[in-house]
Each structure stands twice: as structure tokens, then as C-alpha cells.
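Visitor: Here you go, sequence then predicted model.
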Amino acid sequence: AVEAAGADGLAPVVRAGAAPAALGALLALMAGIGRTGLAMARHRDLPGWLAAVHPRYRVPHHAEIALAAVVCVLVATADLRGVIGFSSFGVLVYYAVANASAFTQPASERRWPRALNLLGVAGCLTLVATLPWPSVLAGLVMFAAGLAGRWLVLRRRARRAGP
């Protein structure tokens, strides 16, 4: 963008600022995913060992180590532009679901008008539509795999519970 604006000399400065900003966003995303993994493991949607919480630091260290390993593999083997697009798809779908869920809150628990929830869903889906199609396709495939996995877990639990 800086080069397109004719300020080529500022490009290294922008790159130098973008790198720590991207790392900060990745760190925040990893912390959130680690805690989501912890919650899912506690509900038996992921392997139970991911539910371990470090006794001193009180963080889901097993989930965060597993996530760090996945991130390292992706950084070493994949085009990061695709990984960022795929991650953006996941975050935007997550926030679309959160907005849709907030829409169902009773009026007594609501902070904001329902129209804002609809605007949030529409905004997230609009942004998803602007992502590169391979990122959207990869996100949809992963989403479908997650739904299939969830279906299998629930089916297995129902069989164990019996009639």
C-alpha cells in the first residue's frame, strides 16, 4: 500500500512494524485457541490430555504446546499467505457464530440491539467473501471435517449411553 501511494522509502518501516504486529496477533490467537482446546477437551470433544492446566502458571500448557507444534509445521511447510487466509476464515466464522448466538439472547440479558448482531454477521460474511478462494475452500473443508468429527463423537457417545 505504501509503494502504491508512491512512498517507496517507507516500505521497510512498514514491514518492520508489520512483523511484530503479525506476531502479536498470532500470539493472541494461539492463547485463545489454547483455551478453546482446553474447554473442548474438558467436554471430551478433544483428547483429555489437552485439558491439562499448568499448576504454577495456570495455562493450558498441553493444548498450547500441541498448537505451537502445528504452527511450526505450517510455518515450515506452507505458504503463509494461505495460512493467514485460512486463519482469517476461521476467525471470521467464529465471530459470525458469536454474533448469531448473541442474537438469541433474551432482552433482559441484551446489551445492544439485535440489529447490531445482524450487522456483525453480515460484516463477517462479507469479509469472508473477500478472502482468496483457496483460503475459503480450505476453511470450508476444515469446517466440514470438524462437523463430521463432532457428529462421530456424538454418535459414539449415544451408542455408549445405550437405549
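Guide: Here it is on my side, so go on.
Visitor: roughly how far out does stretch 57-76 sit from the chain middle?
Guide: Centroid displacement of stretch 57-76 relative to its chain, using C-alpha atoms, centre = their mean, to the nearest Å, is 14 Å.
Visitor: ok, and what's touching it?
Guide: If you take C-beta atoms under 8 Å, 6 or more residues apart in numbering as the criterion, stretch 57-76 is touched by 26, 30-31, 33-35, 37-38, 41, 49-54, 80, 83. Any C-beta I mention is one placed from the backbone N, CA and C, and that applies to glycine too.
Visitor: Narrow the residues you listed to those that are buried.
Guide: With neighbours counted by 16 or more other C-beta atoms under 10 Å, the contacts of stretch 57-76 contain buried members at M30, I33, G34, G37, L38, A41, L50, A51, V83.
Visitor: Closest one of those residues to V91?
Guide: Proximity to V91 was ranked across the buried ones among the contacts of stretch 57-76 by C-beta to C-beta; first place goes to I33, at 10.0 Å.
Visitor: secondary structure element for that closest one?
Guide: Following DSSP states H and E, one finds I33 within helix 11-42.
Visitor: Next SSE downstream of whichever strand or helix holds L67?
Guide: Element membership for L67 (DSSP H and E) is helix 61-77. Past helix 61-77, heading to the C-terminal end, the next element that is a helix or strand (DSSP H and E) is helix 80-103.
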